[in-house]
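1. got a structure for you, letters missing:
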């Protein structure tokens, strides 16, 4: 699976426990997404100028809808980071066996 973490110096976190590495990766991903949201607002309101576009982003920060979406995003990013860390630590075959079950049991139940 190709993700953004290939170019990011997360290699030192791979030896750490998942409960240490996943929050750091989640924070990094969230900061990246927050930057892109700000950039999107600047691009959307570029005809008004930088100051007005920044004020519009500030207004969006004040809405409940924005923060509910942000909380949901943090939860999803944490789940992605932790499941990916578990998959790397366990190896693809073992992770697939735990996630989907043994291939032998599935073929026996179909017969």
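-> Yes, it's here. Keep in mind the model is a prediction, meaning the values are calculated, not measured. Numbers count the residues shown, from 1 in each chain.
2. now the strands: where do they sit in the chain?
-> Using DSSP state E, no strands are assigned anywhere in the chain.
3. center of this protein, which residue is that?
-> Centroid check for the chain by CA atoms, centre = their mean gives residue 77 as the closest residue, at 2.8 Å.
4. surely residue 52 touches residue 45?
-> Yes. With contact defined as CB atoms under 8 Å, residue 52 and residue 45 form a contacting pair (6.2 Å). Every C-beta, even on glycine, is put in place using the N, C-alpha and C of the backbone.
5. among the two, which residue is more densely surrounded?
-> A direct count of neighbours by other CB atoms under 10 Å for residue 52 and residue 45 places residue 45 higher, at 16 against 12.
6. quick check: closest non-adjacent residue to that one.
-> Closest residue in space to residue 45, ignoring its immediate chain neighbours: residue 53 at 3.8 Å, by CB to CB, 6 or more residues apart in numbering.
7. do you know how far the one you found is from residue 44?
-> Counting by CB to CB, to the nearest Å, the gap from residue 53 to residue 44 is 7 Å.
8. who has more neighbours out of the two?
-> residue 53 (18 against 12).
9. let me see the contact set for the more buried one.
-> 41-42, 44-46 (CB atoms under 8 Å, 6 or more residues apart in numbering).
10. same thing with residue 54?
-> When contacts are taken as CB under 8 Å, 6+ apart, residue 54 is in contact with residue 42.
11. ok, now how distant is it from residue 19?
-> When distance is defined by CB to CB, residue 54 is 36 Å away from residue 19.
12. quick check: phi and psi at residue 17.
-> Dihedral angles of residue 17 (phi, psi; degrees, to the nearest 10) stand at phi -60, psi 160.
13. tally of neighbours for it?
-> Residues contacting residue 17 under the criterion other CB under 10 Å number 10.
14. stretch 37-53: how far from the chain's middle?
-> For stretch 37-53, the distance between its averaged C-alpha position and the chain's averaged C-alpha position is 25 Å (CA atoms, centre = their mean, to the nearest Å).
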